[in-house]
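Engineer: coordinates only, sequence not included:
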């Protein structure tokens, strides 16, 4: 393949599917408090044990294939990938090789660029290795087989991403799609990526970075590895095709081994698992149950009059989209709901370094706040303060607003009194305004807002001040 960009990145992403049981046995597919407790002879590959395919896993893979416009296989065939490592009790991993369940396909980045897929296939997760400290420095390794046999969906992209930023965006879009399809739980599920990276200066010698967790770490690891490779070339070192690990704590990659080829794994078709026919009826049944995905939601929200950027951000996370949908069911206007979820709710979530799931916001009180602001019962400034308070703990929004006297002032006499007092106390700003400084009016407006404790509408205050300042007798 001929490359033209300075950096070439391809990803092999492993996403843990959120089925109730594992891929080939009835063991629970969940986290356990104690190691090596969710296991059976099939998980461990004991002699005489026979794997049986979990039908739900097939359905989940087909959902992903349909969502990414992939070509779907007519048969499901599993192979054995042989290698010796402590995380494989039977010395081989059951995966797909000759015929993946999905081939081709694509996923769009935020800027519209499409990342093409080579394949999407199913495989079992190996056990987890537990180290004391870092992998390099641990004096021993422990093996927990609870995860062994859990279903993984592996998504292999074409080498078409040209920057760490694009790789991070791809991971974000992928996690969003998996969440919308309800086949992956972003809060509890495991998602790891092996990144294949090459740069122009090395003649595009490929280096694989193993087991990077999360879309933020992808960007960090790739930025470091690009800089490392360039430095080695500047130092006159020869580049070799190799596999490296990622140490997230230290923020560095480290060499693990020279890169294997597919022939090194000695793939054979698994004799214990007969081919399974994937019928057109099965595919159509899955297609009929497909949920609305982010791109469709964006179009629908835009059709409701929502700003395109607001629609894209709200739809970018399933939890936000579901919150927006529930707000509409509560009678909140679409444009207002999208704007406040995108700007105000996300503002306080980001400030508190929380996700919408972590925050556990009281939706009933949040929607009451939305109604108060959109109905001009309280000012937007008051609403901004109250949404910050709601992030700390739930409280009765309507009762609090009335008790604290935060309802928007509709008494024009009271508003005029505050304006006159502010004018009298801001002689320099008044003089500057009369000399043509429009910014000085904002200073006086702020003074009125202080007097009203944020209950006065800024635009109404500004209009009244202009009228009073035109009348010299008011001064």
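Structural biologist: All right, it came through fine. Being a predicted model, the structure only gives us computed values, none of them experimental.
Engineer: which helix of this structure spans the most residues?
Structural biologist: helix 215-234 (DSSP state H).
Engineer: my read is residue 177 is in a helix, agree?
Structural biologist: Yes - per DSSP: H, G, I helix; E, B strand; the rest coil, residue 177 lies within a helix segment.
Engineer: check contacts around it.
Structural biologist: Neighbouring residues of residue 177 by CB atoms under 8 Å, 6 or more residues apart in numbering: 64, 67, 68, 107, 293, 294. The C-beta positions use only the backbone N, C-alpha and C, and glycine is treated the same way.
Engineer: apply 10 Å and report the result again.
Structural biologist: Going by CB atoms under 10 Å, 6 or more residues apart in numbering, residue 177 touches 63-64, 67-68, 107-108, 155, 183-184, 293-295, 318.
Engineer: residue 81 pairs with what?
Structural biologist: The partner list for residue 81 in beta bridges (DSSP bridges) reads residue 93.
Engineer: go ahead and confirm it touches residue 93.
Structural biologist: Yes - Residue 81 lies in contact with residue 93 (CB atoms under 10 Å); the separation is 4.6 Å.
Engineer: mutual contacts of these two, please.
Structural biologist: Taking CB under 10 Å, 6+ apart as the criterion, residue 81 and residue 93 both touch 123, 124, 265.
Engineer: just curious, which of the residues you listed is nearest to residue 50?
Structural biologist: Minimum distance to residue 50 across the shared contacts of residue 81 and residue 93 is 14.2 Å, recorded for residue 124 (CB to CB).
Engineer: quick one on the thing from earlier: quick check on the contacts of residue 177: which are buried?
Structural biologist: Neighbour counting by 16 or more other CB atoms under 10 Å classes 63, 64, 67, 68, 107, 108, 155, 183, 184, 293, 294, 318 among those as buried.
Engineer: who touches the most centrally placed residue in the chain in this structure?
Structural biologist: Among the residues of the chain, the one closest to the centroid is residue 172, at 4.6 Å (CA atoms, centre = their mean). By CB under 10 Å, 6+ apart, the contact set of residue 172 is 109, 110, 214, 215, 216, 218, 316, 317.
Engineer: which of the residues in the helix or strand harbouring it are buried?
Structural biologist: Element membership for residue 172, per DSSP states H and E: helix 164-180. The neighbour-count check on helix 164-180 (16+ other CB under 10 Å) flags 164, 166-180 as buried.
Engineer: now the angle from that helix to helix 215-234?
Structural biologist: 150 degrees (axes from the mean of the first three to the mean of the last three CA atoms, to 10 degrees).
Engineer: so what strands line up beside the helix or strand following helix 164-180?
Structural biologist: Per DSSP H and E, the first helix or strand lying C-terminal to helix 164-180 is strand 191-199. Strand partners for strand 191-199, identified by DSSP bridges, are recorded as strand 7-16 (antiparallel), strand 207-213 (antiparallel).
Engineer: now, the contacts of residue 177 that are in helices?
Structural biologist: Those of the contacts of residue 177 mapping onto helices are 63, 64, 67, 294, 295, 318, per DSSP H.
Engineer: all set, thanks.
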